[in-house]
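Chemist: would you be able to build a 3D model of this:
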Amino acid sequence: MRGCWLPRLRSSWPGNPLGARLLSQQNQATKTHFGFETVSEEEKGGKVYQVFESVAKNYDVMNDMMSLGIHRIWKDLLLWKMHPFPGTQLLDVAGGTGDIAFRFLNYVQGQHQIKQKRQLRAQQNLSWEEIAQKYQNEEDSLGGSQVMVCDINKEMLKIGRQKACARGYKTGLAWILGDAEELPFDDDKFDVYTIAFGIRNVTHIDQALQEAHRVLKPGGRFLCLEFSQVNNPLVSRLTSLKDVCLRLMSDPTNR
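Modeler: Prediction:
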């Protein structure tokens, strides 16, 4: 009987302050933000998917236009801050078109080449054939590093794969269809977790953070690149303009 009492109270006395307050809290709990809209949590996931499915082909160009290319500098700084060592296992969530992944591979390859050159200088007795073999071994050029790009949108992953093929990335890279709130990976698997301009599109951020903690190894690092409230009016307008353009580009009537 206790389990039925509260619903009966709300329906019998709609003016009851306690019942009204509980109903109000329940309604608020199911609401979230999508751009400038307030939508239900159930709606947000579908809206986000639809937007990025529609803009996937133009997403990188749009980022350049809306940020005046500054997003590239931010992503470079993210890699500088990460400073991955050869052998690093990276999970890049919401990274469908591969911007972070490609930077990561280039960075660890560069670090491995520096290490390789130092080793070669210390081993002057190697033959030219042995030296050439060391440089031609693509697997070794990453030092065992690997990046897994996880995105909930298959169209974004498709664009990422196409870019990887066009740029000649063949190893150390995997594309996984998955949800940030329920990652398809074992516990304690990754050294670094990155999410760039994606966490605002997650419906339940607390669940995504719990998943990030779960899949990171002890001592692993979580790196998030995201817009925030800024005092500079120009940057603030650019941020707002990007949200508007995303919405417009995803509207089929504007194509």
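Chemist: correct me, but Thr97 touches Gly160?
Modeler: Yes: counting by CB atoms under 8 Å, Gly160 is a contact partner of Thr97 at 4.9 Å. Yep, even glycine has a C-beta here, placed from its N, CA and C like the rest.
Chemist: which neighbours do those two share?
Modeler: Counting by CB atoms under 8 Å, 6 or more residues apart in numbering, Thr97 and Gly160 have no contacts in common.
Chemist: determine the longest strand present in the chain.
Modeler: Determined from DSSP state E, the single longest strand within the chain is strand 216-225.
Chemist: please name every helix or strand in contact with it.
Modeler: Packed against strand 216-225 by the contact rule (3 or more CB pairs under 8 Å, 6 or more residues apart in numbering; DSSP states H and E) you find helix 70-82, strand 190-196, helix 205-215.
Chemist: so where's the stretch 151-255 of the chain uncertain?
Modeler: The stretch 151-255 of the chain contains residues with pLDDT under 70 at 229-255.
Chemist: swap the cut-off to 80 and go again
Modeler: 227-255 (pLDDT under 80).
Chemist: and for the stretch 1-150 of the chain?
Modeler: In the stretch 1-150 of the chain (pLDDT under 80), the answer is 1-68, 112-113, 115-143.
Chemist: circling back to that earlier point, same list (the helices and strands packed on strand 216-225) but as TSV, adding distance to Leu105 and mean neighbour count.
Modeler: Below are the helices and strands packed on strand 216-225 laid out as TSV (distance: least, CB to CB, whole Å; neighbours: other CB atoms under 10 Å):
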stretch	distance to Leu105	mean neighbour count
helix 70-82	10	15
strand 190-196	13	23
helix 205-215	20	16
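Chemist: what would those look like in TSV with distance to Gln89?
Modeler: What follows is the helices and strands packed on strand 216-225, written out as TSV (distance: least, CB to CB, whole Å):
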stretch	distance to Gln89
helix 70-82	12
strand 190-196	5
helix 205-215	10
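Chemist: out of those, nearest to Gln109?
Modeler: Smallest distance to Gln109 across the helices and strands packed on strand 216-225 (CB to CB): 12.1 Å, for helix 70-82.
Chemist: contacts for the helix or strand just after that closest one?
Modeler: Per DSSP states H and E, the first helix or strand lying C-terminal to helix 70-82 is strand 89-93. With CB under 8 Å, 6+ apart as the contact definition, strand 89-93 has outside contacts at 84, 100-101, 104, 145-151, 180, 183, 185, 189-196, 198, 208, 212, 215.
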